[in-house]
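Asker: below are the sequence and a predicted model for it; my questions follow.
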Amino acid sequence: MAARRIADPTKTREAVSAVAGWLRDDTVAMPDRSAIADAVRLTARTLAAQAPGASVEVRVPPFVAVQCISGLAHTRGNPPNVVETDPRTWLLLATGLLAMPDALANGTLQSSGSRAGEIADWLPVVPLVP
């Protein structure tokens, strides 16, 4: 089994800083795909490191899927506890610029399973001031 990739805190903060203007103001030009991908991957891996486990899967297609939250581990087929969203919504959640209930209410976040909501306890992973 391959080792899990761990996010470096400095690189994570730099990646988030590179897209912070776009996160704070959606009229700002979208950063290039690689900048968004770096920020998404690093913040998701930070979540997985801070909340180790495999009971909830967080998916941010097309960039990353991580397992987190301790408890019963899922090993085959579709996991019972899934959180899935687009890259911008994930970054807003990961930086504290959007709350999970608001993302669920506006339909930009899909959540299934009794434990999926527990990721809210671990957010934000890299706080940004609005």
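Answerer: Happy to help now that I have it.
Asker: hey, where'd the helices end up in the chain?
Answerer: Using DSSP state H, the helices of the chain run over 9-24, 33-50, 87-95, 100-105.
Asker: residue contacts, the spatially most central residue of the chain?
Answerer: For the chain, A44 is the residue whose C-alpha lies nearest the centre (Cα atoms, centre = their mean; 4.2 Å). Residues in contact with A44 (Cβ atoms under 8 Å, 6 or more residues apart in numbering) are 58, 60, 63-66, 90, 94. For glycine as for every other residue, the C-beta is placed from the backbone atoms N, C-alpha and C.
Asker: can you check L23 too?
Answerer: L23 makes contact with 88, 91-92, 95, 97, 128, according to Cβ under 8 Å, 6+ apart.
Asker: low-confidence regions, the protein specifically.
Answerer: Scanning the chain for pLDDT under 70 picks out 1-5, 73-77.
Asker: deepest of the helices of the chain, which one?
Answerer: helix 87-95 (a mean of 24; mean count of other Cβ atoms under 10 Å).
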